[in-house]
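Q: Everything below, folded, please.
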Amino acid sequence: MVSLKSKYRTHTCGELNASNVGETVTLSGWVHRKRDHGSLLFIDLRDNYGITQCVFDGGDEALERIHPESVVTITGLVVARDTDAINDKIPTGQIEIKATSWNVLTNADVLPFPVFGDDDTVAEDLRLKYRYIDLRRDSLHNNILMRNRVIKFMRDKMWEMGFSEFQTPILTASSPEGARDFLVPSRVHHGMFYALPQAPQQFKQMLQISGFDRYFQIAPCFRDEDLRADRLIEFYQLDMEMSFVDLPDIQAIGNELIPTLIRTFVPNAKIDPQIPHISFDDAMLKYGSDKPDLRNPIVISDVTDIFRGSDFGIFANAIDGGAVVRAIPTPDSADKPRSWFDKLGEFAVKELGLGGLGYIVFADEPKGPVAKKLDADRVAKLHKIAGDKSTLFFVCDMPDAAAKAAGKIRTKLGEDLGLIDENEYKFCWIEDFPFFEADEESPTGIAFTHNPFSYPMATLDELSNRDPLSIKAAQFDMVLNGNEICSGGLRNYDPRVMVKCFELTGYTEDIVREKFGGMYTAFQYGAPPHGGCAFGIDRLIMLILGEKNLRSCVAFTTNQRGQDLMMGAPTSVTEKQLREVHIQIRKKG
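A: Coordinates of the predicted model:
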């Protein structure tokens, strides 16, 4: 490591210990905390590496006027702390600096919020406006340093596995890939625009066509989407692509990389060595989500046939109209008070828009209004699903709506009943996604469900003759604790199949040639079978750190409205700048 010594410091603020007692040292950093004890004044000096306590003789008015977060240089003698004054919480806690001289390099103004103490009550917009101050707080500072270590680990691991690192353009062509593009006007080419890449998708496929066997990149991606706690308009992913592979070959990289990453940075993590493969249809049935949290042991069941033709008319009539019934078993809940059931019913009505939440309590005997309307044989079948001393909750709705509502109830029950072990990290692969979905806005009523460059699990003939909504994609997601951390699959490398897939969604071959000209042309000159995936770096770091917000894992970021409050972006520009790129502003409305 290159020496950190300079005219400003002989050591860092996290380096000194009992072995340095008797040495004269110079430290530089920020005044983290100041404590005036009259005859003595204590300053905790902080830099990127730690904190060291410095002791001054009291009564120096100039020293007392130094504000917190001022940057100072201090020279003094390293002395051992008294036994009762040792601080075991920091590496430098056995020593302190008896200051002999000091110099203020920059004096800080009064802070908009304190750095010392990590006060989480400060409004997020204020912290984002003064992000450089916010980044000094221990928790956020350590998060960003952890991000650095995680990315280094990923990069090293990819090199170990034989991947080569490449960079792809930031200014590219706009393409219909799902989300809205960020557009950049061209000054040279009148009326023309670049787009910021939603992902390096086409470029990484071009690299495979160019003969580079294994590609990876820590890639910036840009999507003009509505924001939430787990979504950013600018984010990073570990992007990778491989030639001459099948789905298991790609997934093997994730099986090696991500559990190893978690073990490295979360020492107490409980990781199941078996990563199950779950079809999309099974995930929606059993968990009500295509990103299930498998730490939650509750498994949803389809009980439509049990209620079909029953005396419970509300469900039976709905089933005749195409509805389904999903049952959510809830262990050890038979003795819950009535208020607990009422709150769940209120959640179902207010949060999920359901008409109510039916249930049967299996105590000594089945209880509840649903049980009274069912014969003994039907109740026995439901009892077998629920188990003893449990409750079976029911959702009746059309298939998609029922699946999603049951999934949200499953999640709430898992949280309310404390069924989730926060130290567990449970992975799964979700596979067999639908390739197409119904879309009223599409010219053909059909749109791509996911990546339009995925390979369909169908022949060219089947694409022409089968119901498009029955076709699956050679695509997968990797899910960790209810979070999608990776998406990928095999790519479409046959230009005939590519054209046919786009044709089904309303794009003629001429439009494909226009919108995806580079890819279309490249496929005419020999493309290998290839596939890959991308891991969401920000989301992975959020899970490793146990944070709830992606903005806590990124150094500089926007607020939930997509505004960079520190730099003032987005901002208006001058008329001269607009004229240079040939743009006239059209007022809203």
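
Q: Quick one: the strands in the stretch 151-300 of the chain, in order.
A: Ranges of strands in the stretch 151-300 of the chain, per DSSP state E, counting those that start in this stretch, are 164-165, 183-185, 193-195, 214-222, 234-243, 270-271, 277-279.

Q: Could you measure from Ala318 over to Val370?
A: Per Cβ to Cβ, to the nearest Å, Ala318 is found 14 Å from Val370. To be clear about C-beta, it is placed using only N, CA and C from the backbone, and glycine gets the same treatment.

Q: So which of the two has more stuff around it?
A: Neighbours per residue, other Cβ atoms under 10 Å: of Ala318 and Val370, the larger number sits with Val370, 23 against 18.

Q: correct me, but that one touches Ser310?
A: No. Contact between Val370 and Ser310 fails when scored by Cβ atoms under 8 Å: they sit 9.7 Å apart.

Q: can you give me how far the host helix or strand of Val499 is from the chain middle?
A: In this structure, Val499 sits in helix 495-504 according to DSSP states H and E. How far helix 495-504 lies from its chain's middle: 32 Å, per Cα atoms, centre = their mean, to the nearest Å.

Q: Could you list the buried residues of it?
A: If you call a residue buried by 16 or more other Cβ atoms under 10 Å, then helix 495-504 has these buried ones: Pro495, Val497, Met498, Val499, Lys500, Cys501, Phe502, Glu503, Leu504.

Q: Per-residue pLDDT of the nearest residue to Leu227 once chain neighbours are set aside, please?
A: Of all residues not flanking Leu227 in the chain, Gln560 sits nearest, at 4.9 Å (Cβ to Cβ, 6 or more residues apart in numbering). As predicted, Gln560 sits at a pLDDT of 89.

Q: Kindly report the same for the one 10 residues further on.
A: Per-residue confidence at Pro570 stands at 94 (pLDDT).

Q: what's the distance between the closest residue to it other than its chain neighbours and Leu126?
A: Leaving aside its chain neighbours, Pro570 sits nearest to Gln563 (7.2 Å; criterion: Cβ to Cβ, 6+ apart). Gln563 sits 13 Å away from Leu126, going by Cβ to Cβ.

Q: So between those two, which is more surrounded?
A: Using other Cβ under 10 Å as the criterion, Gln563 and Leu126 rank with Gln563 on top: 16 against 13.

Q: Quick check: that one touching Thr571?
A: No. At 9.7 Å, Gln563 does not count as touching Thr571 under the criterion of Cβ under 8 Å.

Q: now the strands: where do they sit in the stretch 351-500 of the chain?
A: Using DSSP E, counting those that start in this stretch, the strands of the stretch 351-500 of the chain run over 358-362, 366-367, 390-397, 424-425, 427-431, 436-438, 446-448, 475-480, 483-490.

Q: Of those strands, which is nearest Lys515?
A: Of all the strands of the stretch 351-500 of the chain, it is strand 446-448 that lies closest to Lys515, at 13.0 Å by Cβ to Cβ.

Q: Contacts for that closest one next, please.
A: Among residues not part of strand 446-448, those counted as contacts by Cβ atoms under 8 Å, 6 or more residues apart in numbering are 178, 435-439, 441, 468-469, 501, 504-506.

Q: mind checking how far Cys13 is from Ile95?
A: Taken as Cβ to Cβ, the span from Cys13 to Ile95 is 12 Å.

Q: Which neighbours do those two have in common?
A: Counting by Cβ under 8 Å, 6+ apart, the residues touching both Cys13 and Ile95 are Thr52.

Q: Those two: which is more packed in?
A: For Cys13 and Ile95, the more surrounded residue by other Cβ under 10 Å is Cys13, and the numbers stand at 27 against 23.

Q: Quick check, the more buried one in contact with Thr92.
A: Yes. Here Cys13 reaches Thr92: they are 7.2 Å apart, a contact under Cβ under 8 Å.

Q: Return every residue with contacts to both of those two.
A: Contacts common to Cys13 and Thr92, judged by Cβ under 8 Å, 6+ apart, are Gly50, Ile51, Thr52.

Q: any chance of those residues in TSV, plus secondary structure, distance to Lys7 and neighbour count?
A: Output for the shared contacts of Cys13 and Thr92, formatted as TSV (DSSP: H, G, I helix; E, B strand; the rest coil; distance: Cβ to Cβ, whole Å; neighbours: other Cβ atoms under 10 Å):
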residue	secondary structure	distance to Lys7	neighbour count
Gly50	strand	21	16
Ile51	strand	22	21
Thr52	strand	18	30
